[in-house]
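Asker: the sequence and its predicted three-dimensional model are supplied below.
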Amino acid sequence: GPQSVSPNDYELIRTNGISCIDCSWAQLSNVPWKKLKGDNTRLLPFLVAANPINYGRPFKLSCVEAFAACLHIVGMKREAMYLLTKFKWGPTFIQLNQELLDGYAQCTDSASVVQFQNEWLTQVEVEKKNNRNKCGRKHNRQLFVQADEKEDDDDDDTK
């Protein structure tokens, strides 16, 4: 199956660029995936949206968030931030996902990105269980814990 974007994709992205399907999340099942051509398809690892439509929802990224995530992961952080600064909420995407994006950028290949993602999600789940009955300061990981609950919400929002 498809691989996750990883730092190994730097040359591929520098040479060929990035493409993204721009459609409503509610219409995603209508995309003719088999008709789309591409020898180098990649998936993004776990990230949370900062756009105003899907704020805090995992995997519900806008196209610019997806582009910026790819760029950041392969080491093109300046270019990622340039894209995001075109949107009032754009830099918030990096802030919300900083730990994840930097972790993914330190990986070597797709398998290590997926491993980092899974270990991070497991750690967040442990923190969620440990903090369930505790009061404390709200930080980014708590947003990700809350995002867990939003994941199954309606899919009729647009990107």
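Answerer: That came through fine. Residues are numbered from 1 along each chain as shown.
Asker: number of nearby residues for Gln115?
Answerer: 13 (other C-beta atoms under 10 Å). Where you see a C-beta, it was placed from the backbone N, CA and C, and this is true even at glycine.
Asker: ok, which stretches of this protein are helices?
Answerer: 10-16, 63-73, 77-84, 90-105, 110-131, 140-150 (DSSP state H).
Asker: angle of the second one against helix 110-131?
Answerer: Angle of helix 63-73 versus helix 110-131, following axes from the mean of the first three to the mean of the last three C-alpha atoms, to 10 degrees, is 110 degrees.
Asker: hey, C-alpha coordinates of helix 63-73 in PDB?
Answerer: Provided in PDB are the C-alpha atoms of helix 63-73 (Å, rounded to 0.1, in the frame of the first residue of the first chain):
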ATOM      1  CA  CYS A  63      -4.900  21.400   1.200                       C
ATOM      2  CA  VAL A  64      -2.500  24.100   2.400                       C
ATOM      3  CA  GLU A  65      -2.100  22.200   5.700                       C
ATOM      4  CA  ALA A  66      -1.400  19.000   3.800                       C
ATOM      5  CA  PHE A  67       1.200  20.800   1.600                       C
ATOM      6  CA  ALA A  68       2.800  22.500   4.600                       C
ATOM      7  CA  ALA A  69       3.000  19.200   6.500                       C
ATOM      8  CA  CYS A  70       4.700  17.500   3.500                       C
ATOM      9  CA  LEU A  71       7.200  20.300   3.200                       C
ATOM     10  CA  HIS A  72       7.900  20.400   6.900                       C
ATOM     11  CA  ILE A  73       8.400  16.600   7.200                       C
END
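Asker: figure out how far that helix is from the centre of its chain.
Answerer: From the chain centre to the centre of helix 63-73 is a distance of 8 Å (C-alpha atoms, centre = their mean, to the nearest Å).
Asker: just the pLDDT for Leu100.
Answerer: pLDDT recorded at Leu100 is 97.
Asker: same check, this time on Thr158
Answerer: So Thr158 comes in at 42 (pLDDT).
Asker: any chance of the helices of the chain in CSV, with distance to Gln3 too?
Answerer: As requested, the helices of the chain are exported to CSV (distance: least, C-beta to C-beta, whole Å):
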stretch, distance to Gln3
helix 10-16, 11
helix 63-73, 12
helix 77-84, 20
helix 90-105, 13
helix 110-131, 4
helix 140-150, 23
